[in-house]
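>>> Just to be clear, the model below is a prediction. Sequence and coordinates:
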2 protein chains.
Amino acid sequence: MKPVKVGLLGLGTVGTGVVRIVEGHQEDLQSQVGSPILISKILVKDRAKSRNVAVDASKLTEDPWEIVRDPEIDVIVEVMGGVAHSRDVILEALERGKHVVTANKDLMAMHGPEILAKAREKGCDVLYEASVAGGIPIIRTLIEGFSSDRITKIMGIVNGTTNYILTKMSREGAAYADVLKEAQALGYAESDPTSDVEGLDAARKMTILSTLGFRANVALEDVSAKGISNVTQEDIGYAKRLGYEVKLLGIAERQDDTISVSVQPTMVKTSHPIASVNGVFNAVYVHGEAVGETMFYGPGAGEMPTATSVVADLVAVVKNMKLGVNGRQAQLSYKVMKLKTDEQISSKYFLLLHVDDKAGVLAQIAQVFSNLDVSIESVMQPSAPHKSGAELIIITHNASKAAMNKVLQAFEALPAVQQIKSVYRVEG
Amino acid sequence: MKPVKVGLLGLGTVGTGVVRIVEGHQEDLQSQVGSPILISKILVKDRAKSRNVAVDASKLTEDPWEIVRDPEIDVIVEVMGGVAHSRDVILEALERGKHVVTANKDLMAMHGPEILAKAREKGCDVLYEASVAGGIPIIRTLIEGFSSDRITKIMGIVNGTTNYILTKMSREGAAYADVLKEAQALGYAESDPTSDVEGLDAARKMTILSTLGFRANVALEDVSAKGISNVTQEDIGYAKRLGYEVKLLGIAERQDDTISVSVQPTMVKTSHPIASVNGVFNAVYVHGEAVGETMFYGPGAGEMPTATSVVADLVAVVKNMKLGVNGRQAQLSYKVMKLKTDEQISSKYFLLLHVDDKAGVLAQIAQVFSNLDVSIESVMQPSAPHKSGAELIIITHNASKAAMNKVLQAFEALPAVQQIKSVYRVEG
């Protein structure tokens, strides 16, 4: 039987996993798709470099165009990363009628609509399961599993590095900077960790998930992102005392035709299923109008988990080829949604204030909340007051982001409030 | 545009949900599949009965054959339950070239291979996402999401009734019989609860999951099932003290070409993600050779969650109709597997023994384990001995089921062992 020929762009961690699975599971794959799957060319940076996986040296090339322009190749698997160059290569591959499987979240978050439009024009598949939450098949779940439902909320722990850091801080009482160093030494964090710790990586993934979940085009600029670099041991300690875990959550919410998408450190009630997702694991919690609460949990990265998703996409492409139905994915982003204003975004908040220790301060603070119509759920003074003042923890009922911003402004102007130490969104 | 016509068999809980979603989400559905979806006939037991949902009385019929033989109807949605009659009706529908969506786990566990073979013969789709774990899209995840991987283990909390009972027993210290009564009063358990509490319902679902996960035909008779009716408050109390939760788990394991599938109350380490799945929620934990650990969590039953899965299948059928690719699902059960023997089935065990309180008893017990090559992880005397004897908790390392059976036989014959109070499999 004529094999399906695949051009693999990139032979790093994920690329190596793809080679291992395609070769190691060849018989299984063939039983499913009806013909052999052959990786016929592989793009590498340096042909001379030694590899963790045995590959025929004659397949290696340093020229992506040699692969993309090879008329024998049916499918391009892009696992090299980067944005501008990958975009050019993939658009050219589609132009030539090749199907594409990619694990590139940056590319899909920034140029997804352009790439998918070209794919439709050319009758080609573009699948990207591995771009979000590595081994968790969340993208096909959002497209197919929830096709009948209206998704109202998606909350994701979609960055393993920050979840590893927060888990370590929570379990071991270690400081952020120390855990980050350790994560870097273990290879869980990059030497420049900005993209992970400042929430940018998570924001890109939330762009993809919310586009699919709400069937509306969400742009990366629509996602407000805040990272974990200011999370302190003190915050985590108070969170635990009150029955919360601090997690970096991507939160996408929909109400009628308005949506909001954000990434921020969040206090999550320990009884919520997403609160117990620890270490480098990822999880995506999805709330649907009809289905209610669901959650999908698994490894967010790593050679083999990510490669599993890439090869599952490859299987889907080859099945579509056999059936002659590539490029017929429904036009998914058929809804027009407006971004919620700060007046429309609502949640509970946790505040940690450092205030003067004298009579009447609490009354002043309560008055600020009352003036701005923000209702307080609980107030707590977690330790005895000391010379320099007292700590005050306030948890609000649901309040708009706009109202909370005004509360914070009012506190800045209130002499009795020495410092606004922390502000967290609260979920669960 | 010509609508796709659907015949709905059954207007109980799930059927009502299907009507609500198909009507309430008509615009969304149409955007995805390109034509209206119309429920044109509905089978009911009694046309005169009042309904929870507004349906045109002219659509109702008490004769299934009127629906199945209607040449206008393209898809049959079967949510009436039962086995023999449903089988006849579905086979006839397939014979007439109609596609089938069913939520019927009993039918698929017992007659799945026959029905799927007929569907292939006739070029029809048979989809059954709702038959296992209601709102969790676990079936398409096993087929598509893990198509590239080799699944080695599936553990499922796939029966909401028993999970509700065990959760209540664990949280409130209530006795089994009392919680069962309460669950019956709330409608979470049937008046004859046998199928749920004896693990038969879970066994049927595990038949379906293991067939899909291992791509081998697993028959209901291959699944050994034990229920929760003997789980005591004492067992749950000791489990908690040792860091376990008692859960009714379906466990399917594969090693090379051997498999085992069972359902039993199991002690699960609290750190394992499946241990914190509570109440009527379901979860399926899947371990794949490449992907590692994943878990899928959500509502296991209920009108709207189950209907979500039914309508998602309906969307998939209609998409296939538009593409002209119905009935082309790969032949999934292409592997021949042998059932593991008791010598090959291995796990850790928890034992609670009531023994004589005198010197040398522990030595005798240890000797039994040693003679049968079962290694002990820990021994604990959870309370001070009393007149009538002492309690002894033993947790073993991995041991074969055959060896454990011999250990239990030896204890039966050992005078110092007054009673084998409990035996549990241990996971996590």
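Yes, it's here. Residues are numbered from 1 along each chain as shown, chains lettered A, B, ... in the order given.
>>> so how far is A:Leu248 from A:Glu121?
Counting by Cβ to Cβ, to the nearest Å, the gap from A:Glu121 to A:Leu248 is 37 Å. From N, CA and C alone the C-beta is placed, and that goes for glycine too.
>>> Show me which of the two is the more surrounded one.
In terms of neighbours (other Cβ atoms under 10 Å in any protein chain shown), A:Leu248 is the more surrounded of A:Glu121 and A:Leu248; the figures are 26 against 11.
>>> Give the burial count for the residue nearest to that one when sequence neighbours are not counted, as a bare number.
Nearest residue to A:Leu248, sequence neighbours excluded (Cβ to Cβ, 6 or more residues apart in numbering or on different chains): A:Thr162, at 4.4 Å. By the criterion of other Cβ under 10 Å, A:Thr162 has 30 neighbours.
>>> Look up phi and psi at A:Thr162.
phi -70, psi -30 (degrees, to the nearest 10).
>>> Assess the claim that it and A:Ser195 are in contact.
No - taking contacts as Cβ atoms under 8 Å, A:Thr162 lies outside contact range of A:Ser195: 10.5 Å.
>>> what residues are up against the residue nearest to A:Leu248?
Contacts for A:Thr162 were tallied using Cβ atoms under 8 Å, 6 or more residues apart in numbering or on different chains; they are A:Asp196, A:Val197, A:Gly199, A:Ala202, A:Gly227, A:Ile228, A:Leu248.
>>> Let me know the average pLDDT across the helix or strand containing the fourth one.
Secondary structure from DSSP states H and E places A:Ala202 in helix A:200-214. The pLDDT scores in helix A:200-214 average 97.
>>> helices or strands up against it?
helix A:105-122, helix A:138-140, strand A:151-157, strand A:223-225, strand A:244-255, strand A:258-269 (3 or more Cβ pairs under 8 Å, 6 or more residues apart in numbering or on different chains; DSSP states H and E).
>>> now what about the fourth one, what contacts it?
The set of residues that contact strand A:223-225 without belonging to it, under Cβ under 8 Å, 6+ apart, is A:Glu198, A:Gly199, A:Leu200, A:Ala202, A:Ala203, A:Met206, A:Thr207, A:Ser210, A:Val261, A:Ser262, A:Val263, A:Gln264.
>>> Strand partners (parallel or antiparallel) of that strand?
Strand pairing for strand A:223-225, determined by DSSP bridges: strand A:258-269 (parallel).
>>> now the strand it pairs with and strand A:151-157, what's the angle there?
Orientation note: strand A:258-269 sits at an angle of 50 degrees relative to strand A:151-157 (axes from the mean of the first three to the mean of the last three Cα atoms, to 10 degrees).
>>> hang on, the earlier thing: pick the one among the contacts of strand A:223-225 closest to chain B.
For those, the closest approach to chain B (Cβ to the nearest Cβ) belongs to A:Ser210, at 16.4 Å.
>>> wait, what's in contact with that closest one?
With Cβ under 8 Å, 6+ apart, A:Ser210 has these contacts: A:Ile154, A:Ala216, A:Val218, A:Val223, A:Ala252, A:Ile259, A:Val261.
>>> Then A:Ile165?
Listed by Cβ under 8 Å, 6+ apart, the contact partners of A:Ile165 are A:Tyr176, A:Val179, A:Leu180, A:Ala183, A:Ala189, A:Val197, A:Ile228.
>>> how about a cut-off of 10 Å?
By Cβ atoms under 10 Å, 6 or more residues apart in numbering or on different chains, the contact set of A:Ile165 is A:159, A:174, A:176, A:178-180, A:182-183, A:188-189, A:193, A:196-197, A:228-229, A:231, A:248, A:280.
>>> Assign a three-state SS to it, would you?
Classification of A:Ile165 using DSSP: H, G, I helix; E, B strand; the rest coil returns helix.
>>> Check it and give its pLDDT.
pLDDT, A:Ile165: 97.
>>> re earlier: farthest-separated two in the contacts of strand A:223-225?
Largest separation among these by Cβ to Cβ: A:Glu198 and A:Ser210, giving 19.1 Å.
>>> Where does pLDDT dip in the stretch 301-428 of chain A?
Flagging of the stretch 301-428 of chain A using pLDDT under 70 yields the residue ranges A:329-332.
>>> Which single residue in it comes nearest to chain B?
Chain B sits closest to A:Val311 of the stretch 301-428 of chain A, with a gap of 3.4 Å, by Cβ to the nearest Cβ.
>>> element containing that residue, please.
According to DSSP H and E, A:Val311 maps onto helix A:303-323.
>>> that older thread, distance from the chain centre to the helix holding A:Ala202, please.
Distance of helix A:200-214 from the chain centroid (Cα atoms, centre = their mean, to the nearest Å) equals 6 Å.
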